[in-house]
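Peer 1: pasting the structure only:
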């Protein structure tokens, strides 16, 4: 018996059909907070089945071949408007961007593959097909709905910790890691993906008000559902225009200073635009164009934060000003 879940992607709707509920974990992790009970016709569909994974067809050109962090060897290829991702012998996915659909096949012994990069890539294609782009950034909203602050930082800089701390000082929390961007006549709009946060033990120590449990995994992390933050910070689930771009870095003294548009674009592109053996894919070209529009039209700042979140109140006030 199959299970069908549908998710709200803003203007778009994603429908995911799986042979059993356990295969939906990846989509629930990223989009569970946006599941629809009475969905309209989907704009993008994904089918997940258990079977024999398929290699890319002979006519496909290899875009990437090599390891993915914590997931092992992978092949990513394309043939015209179709894309293929394969973990040899374990799982595969084919995406048809014209038909707006994807099929994920996982072998019986590797069901977990449906919850990793295959689900994340399918979600990327679902957004891209509707003119939206996913970017690696935290999102905070200014008081009185004055817009979204996009916070960019390399992994390991403390983006989640900083975003949560800023939300405790007068901003609303939209996302700690992924934002969906959409171009409109009024500018670029942003909406957070309400995915569960991976909270590190050190973050919980610096922010003792976080509603975390006692159990930590081998990486000293635990999953914190986005909605559970409602009692400790203001949450924002709506779409707002991007009105600030912030590049986060660590330093000796906390400060906020203007940043050149070219420097902001370089940082955003380095963290979000992936090249391939054939150059930029159409999706990544569209993402770069979206980031370029942001850098041209939205004020950018460099936010330096001292250790231990010293000066976080001043940083929050500067961003709100």
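Peer 2: Thanks, I have it. Everything numeric here is computed off the predicted structure, so don't read it as measured data.
Peer 1: going forward, measure contacts between C-alpha atoms and count neighbours the same way
Peer 2: OK.
Peer 1: correct me if wrong: residue 303 contacts residue 246.
Peer 2: Yes: using C-alpha atoms under 8 Å, residue 303 is in contact with residue 246, at 6.4 Å.
Peer 1: which neighbours do those two have in common?
Peer 2: Counting by C-alpha atoms under 8 Å, 6 or more residues apart in numbering, residue 303 and residue 246 have no shared contacts at all.
Peer 1: low-confidence ranges in the stretch 1-150 of the chain?
Peer 2: Residue ranges of the stretch 1-150 of the chain with pLDDT under 70: none are present.
Peer 1: where exactly do the helices run in it?
Peer 2: Secondary structure of the stretch 1-150 of the chain, counting by DSSP state H, counting those that start in this stretch: helices at 25-31, 117-128.
Peer 1: can you list the buried residues in stretch 45-61?
Peer 2: Within stretch 45-61, the residues that count as buried by 16 or more other C-alpha atoms under 10 Å are 45-50, 53-56, 60-61.
Peer 1: and the longest helix for this protein?
Peer 2: Using DSSP state H to define each element, the chain has its longest helix at helix 282-297.
Peer 1: contact partners for the closest residue to residue 236 other than its chain neighbours?
Peer 2: Using C-alpha to C-alpha, 6 or more residues apart in numbering and skipping residues adjacent in sequence, the residue nearest residue 236 is residue 174, 4.8 Å away. Residues near residue 174 by C-alpha under 8 Å, 6+ apart: 138-141, 191-194, 235-237.
Peer 1: quick one: residue 264 and residue 296 touch, right?
Peer 2: No: counting by C-alpha under 8 Å, residue 296 is not a contact partner of residue 264; they are 9.7 Å apart.
Peer 1: closest to residue 70 out of the buried residues of stretch 45-61?
Peer 2: For the buried residues of stretch 45-61, the minimum distance to residue 70 (C-alpha to C-alpha) is 19.7 Å, reached by residue 53.
Peer 1: now the buried residues of stretch 45-61 as JSON lines including distance to residue 3?
Peer 2: Below are the buried residues of stretch 45-61 laid out as JSON lines (distance: C-alpha to C-alpha, whole Å):
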{"residue": "45", "distance to residue 3": "13"}
{"residue": "46", "distance to residue 3": "12"}
{"residue": "47", "distance to residue 3": "10"}
{"residue": "48", "distance to residue 3": "10"}
{"residue": "49", "distance to residue 3": "11"}
{"residue": "50", "distance to residue 3": "13"}
{"residue": "53", "distance to residue 3": "21"}
{"residue": "54", "distance to residue 3": "23"}
{"residue": "55", "distance to residue 3": "26"}
{"residue": "56", "distance to residue 3": "27"}
{"residue": "60", "distance to residue 3": "31"}
{"residue": "61", "distance to residue 3": "34"}
